[in-house]
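Q: pasting a predicted model and its sequence here:
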Amino acid sequence: MSGNNIKVVCRFRPQNKLEIKEGGVPIIEISEDGTGVSLKGKDTSSFSFDKCFGSNTKQSEVFEYSIKSIVDDVVAGYNGTVFAYGQTGSGKTFTMMGSSIDDAENKGIIPRIIEQIFESIQLAPTSMEFTVKVAYLEIYMERVKDLLVPANDNLAIHEDKIKGVYVKGLKEVYVANSEEVYDVMRIGGNNRVVAYTNMNAESSRSHSIVLVTITQKNLDTGAAKSGKLYLVDLAGSEKVGKTGASGQTLEEAKKINKSLTALGMVINSLTDGKSSHVPYRDSKLTRILQESLGGNSRTTLIINCSPSSYNEAETISTLRFGARAKTIKNKAKVNADLSPAELKALLKRVKTDAVSYRAYISALENEISQWRSGKKVPETQWANPDTATTKKPNVLPITPPQTPTARLIEDDSRPSTPATVLGKDEKDEFLKREQELLEQIAEKTLELQNREKQMEDIQNSLKEIKAKEKESIKENNDLLAELGETRVKLEKDGYNKKVELITLDSLREANLEYTTELKELKATLAKLKNDQEKNEDSLEQTETVRTEATEKKDEIENSLSLQDVTPETVQKLRQDLQSTKELIEQHIITIQKLEQERDSLANKRDDLETRISHLEAEYEELLDKTIAMEEMDEDQTGEQIVNTISDLKTKIESQYAIKRDMQEKEIEALRQDMEQKVMEEKRLSDMIKELEAKQKELKEKQLAPVTQSKEALEQKEKELERMRKSMAQELADFETMKKVLLRDLQSRCERVVELEITLGETKIQQNNLLKATSSRPQQRMAVLEKSIEELSNVQKQLVDQNTKLKKSAASADRKLAAKNEHIEKLEVLLKENQEKFFNESKKFNSELQAIRGLLEKARNHKSRGGFNLSFDFTKPVRRDGGTSSQTKRESRTSWFR
Ligand SMILES: Nc1ncnc2c1ncn2[C@@H]1O[C@H](COP(=O)(O)OP(=O)(O)OP(=O)(O)O)[C@@H](O)[C@H]1O
């Protein structure tokens, strides 16, 4: 630690238009060596500073002389401050910022400082790693405002042992090059302009401070340093009354000037040599710049003044302020932190020294007491630091010396104590140094403990974060998995819905086809019924004819049995018999045909039944599929789909039930029809058999009268012969008898004629019957053939529909296969995504692990003496250029901030 005065330089700007207009003239005169300035106006006064710059001094000259060394100091680990003080319009901003950052000639000292910093970093050994942080704030009306975060407009000022005085919550931006610093300053400057425009205030009434923090670490040794540089553009120092402080009340004006007044007070206290208290806490400005004024800082004050007689009073005031400030002594020191090992070594050394010094002190005390008691101590027994050290090593405890130092100081009468051994001042200095070191060690130990506690807290919070992270990762994974499953389900649902719709369409089509088929079958059955009715009519007619024929036959039989039959009658009867035979044969053929027809109908019925059962089976299968799909989708589809499906299902089931009932009824009707037909056939067969039996009977009956009539004729001929013989004899009787017989014959002939007529009629009737019996079966056959044809058509249609259904089923299968493939792909994609996510999580975990490792490392560094931790994104800068990579950033330990 060494005391060093604040460097004060004075800069005069050229006269401005107002000053010239007002008749002002330059009244300054700078001494040849450039350290003194004389004002030759109303009064003559002289001031001396470290350097005085005239009106034509270039920006670069001011920087080279007054600032450059401060930058070097800050880069070396010292704190630094540059103030610009002066009245409004005296050139403070021009000096600090320049007319423009981009103007190489006129850029101010801040851009030059920034460039210098990065140049120094570039020139540093490659083993040195730097970080540069920038903050930008202003103090207005005693409110500290963060110009990088304008919302933070009343920040608090805190102080602690580690950080010293600092603005809590101030945004510090890591920068890697000059451009980034300029960007930060542009942002801050813009925010300042906006704020002042809104407030209708003047920027010259506020103090702006740019804070540059440079930290560095030796990557080989682990040694670290940090330096802070405050670049302060103060508010105009003129009296409020002069500028009018437009729009401000006196109280506000006082508040505005409070910081400047406090600055003056602080400087007075520091320089008058009387004040024991320095009122740093009287203003925000002095509080923030506490270290810059009489503290740990290399400070330069730039006094900006007008050279004009117009502003003489203000200039003199400003120069006085500078002159006073020049006497302030600072105690700048390198902000280096010793490592724990270094501290331990130091402590050990100090302890050893303390032991030896205490031994030496006690030896000295012994010697003194002997001298005081009047004894003489031989020269060889004089206390010697070397012998004292060797005599009692490691014996004395590490406690403050019991013997007051003052006693030694007071007692300087020892005549021949060798000054070479340890002088009083040296001893004081040594003890002071020892005390300092002990305090430092205690501080460091405390700091270490704090850091370790912080580390533990951080580790605990990191553990918690990690645990939470793990949980969230797990939750995320679960959610992702659920999401994947849901997506797959949705995909499947979509597909199932499509398939369902396809199936429903197919079912609808099938239903329609079945309905059509049923209609056709109904039509066929109706036709068959009509045919049956017709058949029944014809059978009734046949029955009627048969009854009539039977009646006629009975009549004939009666007549034949009663009368003799003539050959013509017999002939006629034979003809009738023949025709009846033919009729019966025709009937038999018809019956055979009907039987064939019945068989074919039965076959068709069987076919239809088989087909219907097939269709029923297919229909049930489709229905089962639909129900199965419905059941599958029950949980997943929406209410609407479920309702629609259940409606459709109900409809289909009802349609199916109706259709099945109808089909069953129709089948039943067909069965009944068939049975009726069978019964009819049976009845017809019975009738035919009856007819056959009757025919046989008739035949027999016909043959019997013929035989009987022949015998009667022979008998009659014999009788006639006998009669002829007797006629001759009994001619008269004969003649009479002949007449009677002739009359009888005549009546009989008449009856035969009548019978012939009846027979003719019967024949006609028989013919009609024959015609009827022969034409109706043909018609019926035609109708039946037509029905069969229609049924064949229906069957064909059904077969076609079946084929179509099979085709659509095949297409549905294909669709299903395609969809399944699609789903599989989706599932694969999802799996890939999940894997990706898991990998990312793993990566994140490993990063966390790495951070933890770094923290561990940092803690180790801490145990050897380090700096605070920060999780901010730093921008380490090294000589080999540019910002360190992410990995470098990750490898950072605790030395930043
Ligand atoms: N050394 C100089 N050379 C040339 N022009 C200068 C110089 N110093 C200041 N000026 C000019 O004087 C004017 C006022 O300067 P500047 O704004 O820097 O004053 P200031 O002290 O910062 O004022 P305020 O207190 O209002 O902020 C500016 O136009 C600036 O360009």
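A: Yes, it's here. Note that the structure is predicted; figures quoted are calculated from it, not measured.

Q: straight-line length of stretch 119-134, end to end?
A: Start and end residues of stretch 119-134 are separated by 17 Å (CA to CA, to the nearest Å).

Q: could you list the buried residues of that stretch?
A: Ser120, Ile121, Ala124, Met128, Glu129, Phe130, Thr131, Val132, Lys133, Val134 (16 or more other CB atoms under 10 Å). Any C-beta I mention is one placed from the backbone N, CA and C, and that applies to glycine too.

Q: who are the packing partners of the host helix or strand of Ile588?
A: When elements are assigned from DSSP states H and E, Ile588 belongs to helix 567-633. Secondary structure elements in contact with helix 567-633, counted by 3 or more CB pairs under 8 Å, 6 or more residues apart in numbering; DSSP states H and E, are helix 424-562, helix 639-729, helix 731-863.

Q: wait, Ile302 touches Val9, no?
A: Yes: under the criterion of CB atoms under 8 Å, Ile302 is in contact with Val9, at a separation of 5.4 Å.

Q: now the buried residues of stretch 119-134 in JSON lines, with secondary structure, pLDDT and distance to Lys519?
A: JSON lines is the format used below for those (DSSP: H, G, I helix; E, B strand; the rest coil; pLDDT from 0 to 100; distance: CB to CB, whole Å):
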{"residue": "Ser120", "secondary structure": "helix", "pLDDT": "90", "distance to Lys519": "104"}
{"residue": "Ile121", "secondary structure": "helix", "pLDDT": "90", "distance to Lys519": "99"}
{"residue": "Ala124", "secondary structure": "coil", "pLDDT": "87", "distance to Lys519": "103"}
{"residue": "Met128", "secondary structure": "strand", "pLDDT": "88", "distance to Lys519": "101"}
{"residue": "Glu129", "secondary structure": "strand", "pLDDT": "89", "distance to Lys519": "96"}
{"residue": "Phe130", "secondary structure": "strand", "pLDDT": "91", "distance to Lys519": "97"}
{"residue": "Thr131", "secondary structure": "strand", "pLDDT": "92", "distance to Lys519": "93"}
{"residue": "Val132", "secondary structure": "strand", "pLDDT": "94", "distance to Lys519": "95"}
{"residue": "Lys133", "secondary structure": "strand", "pLDDT": "94", "distance to Lys519": "93"}
{"residue": "Val134", "secondary structure": "strand", "pLDDT": "95", "distance to Lys519": "93"}
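
Q: and the ligand, which of those residues reach it?
A: Among the buried residues of stretch 119-134, no residue is within reach of the ligand (CB under 6 Å from any ligand atom).

Q: what's the closest of those to the ligand?
A: Nearest to the ligand among the buried residues of stretch 119-134: Val134, at 20.6 Å, using CB to the nearest ligand atom.

Q: point out where the stretch 201-350 of the chain drops to low pLDDT.
A: By pLDDT under 70, the weakly predicted segments of the stretch 201-350 of the chain are 201-203, 238-253, 256, 337-343.

Q: what residues does whichever residue of it sits closest to the ligand make contact with?
A: Ranked by CB to the nearest ligand atom, the top residue of the stretch 201-350 of the chain for proximity to the ligand is Ser204, at 2.8 Å. Taking CB atoms under 8 Å, 6 or more residues apart in numbering as the criterion, Ser204 is in contact with Thr88, Gly89, Ala235, Gly236.

Q: and the closest residue to the second one other than its chain neighbours, how far from the ligand?
A: Across the structure, with CB to CB, 6 or more residues apart in numbering as the measure, the residue nearest Gly89 apart from its sequence neighbours is Asn16 (6.8 Å). Summarising the geometry, the distance separating Asn16 from the ligand, computed by CB to the nearest ligand atom, to the nearest Å, is 6 Å.

Q: ramachandran angles for Asn16?
A: Here is the backbone geometry of Asn16 (degrees, to the nearest 10): phi -90, psi 180.

Q: what's the neighbour count on it?
A: Using other CB atoms under 10 Å, Asn16 has 18 neighbouring residues.

Q: ok, now which ones touch it?
A: Contacts of Asn16 were listed using CB under 8 Å, 6+ apart, and they are Gly89, Ser306, Ser308.

Q: quick one: the nearest residue to Asn793 once chain neighbours are set aside from Asp576, how far?
A: In space, Asn793 comes closest to Glu520 once its chain neighbours are excluded; the distance is 7.7 Å by CB to CB, 6+ apart. With distances defined as CB to CB, to the nearest Å, the gap from Glu520 to Asp576 amounts to 48 Å.

Q: neighbour count: these two, which is higher?
A: Asp576 (20 against 16).

Q: how close does that one sit to Lys351?
A: Look at Asp576 and Lys351: by CB to CB, they are 166 Å apart.

Q: same check, this time on Asn311
A: With distances taken as CB to CB, Asn311 is found 62 Å from Lys351.

Q: ok, Gln729 next?
A: Counting by CB to CB, the gap from Gln729 to Lys351 is 207 Å.

Q: who has more neighbours out of those two?
A: Neighbour count, other CB under 10 Å: between Gln729 and Lys351, Lys351 has more, with 17 against 11.

Q: that older thread, and the ligand, which of the contacts of Asn16 contact it?
A: Restricting the contacts of Asn16 to those near the ligand - CB under 6 Å from any ligand atom - leaves Gly89.

Q: format the contacts of Asn16 as a markdown table; extra columns: distance to Thr380, secondary structure and neighbour count.
A: Formatted as a markdown table, the contacts of Asn16 follow (distance: CB to CB, whole Å; DSSP: H, G, I helix; E, B strand; the rest coil; neighbours: other CB atoms under 10 Å):
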| residue | distance to Thr380 | secondary structure | neighbour count |
| --- | --- | --- | --- |
| Gly89 | 78 | coil | 20 |
| Ser306 | 75 | coil | 28 |
| Ser308 | 79 | strand | 26 |
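
Q: can you tell me which of the contacts of Asn16 lies closest to Ala510?
A: Taking CB to CB as the measure, Gly89 is the one of the contacts of Asn16 closest to Ala510, at 99.8 Å.

Q: mind checking pLDDT for that closest one?
A: We note a pLDDT of 88 for Gly89 in this prediction.

Q: in the sheet, who's paired with His207?
A: Counting by DSSP bridges, His207 is bridged to Ile139.

Q: surely it meets Glu142?
A: No: the pair formed by His207 and Glu142 falls short of the contact definition of CB under 8 Å, at 10.4 Å.

Q: tell me, how many residues neighbour Lys739?
A: 10.

Q: for it, give me its contacts.
A: Applying CB under 8 Å, 6+ apart, we find Lys739 in contact with no residue.

Q: low-confidence ranges, the stretch 401-550 of the chain, go.
A: Flagging of the stretch 401-550 of the chain using pLDDT under 70 yields the residue ranges 401-436, 535, 538-539, 542, 545-546, 549.

Q: enumerate the residues of it near the ligand.
A: Proximity of the stretch 401-550 of the chain to the ligand is assessed by CB under 6 Å from any ligand atom, with no residue identified as in range.

Q: before we move on, the earlier item: shared neighbours of Ile302 and Val9, which are they?
A: With CB under 8 Å, 6+ apart applied, the overlap between the contact sets of Ile302 and Val9 consists of Val62, Ser66.
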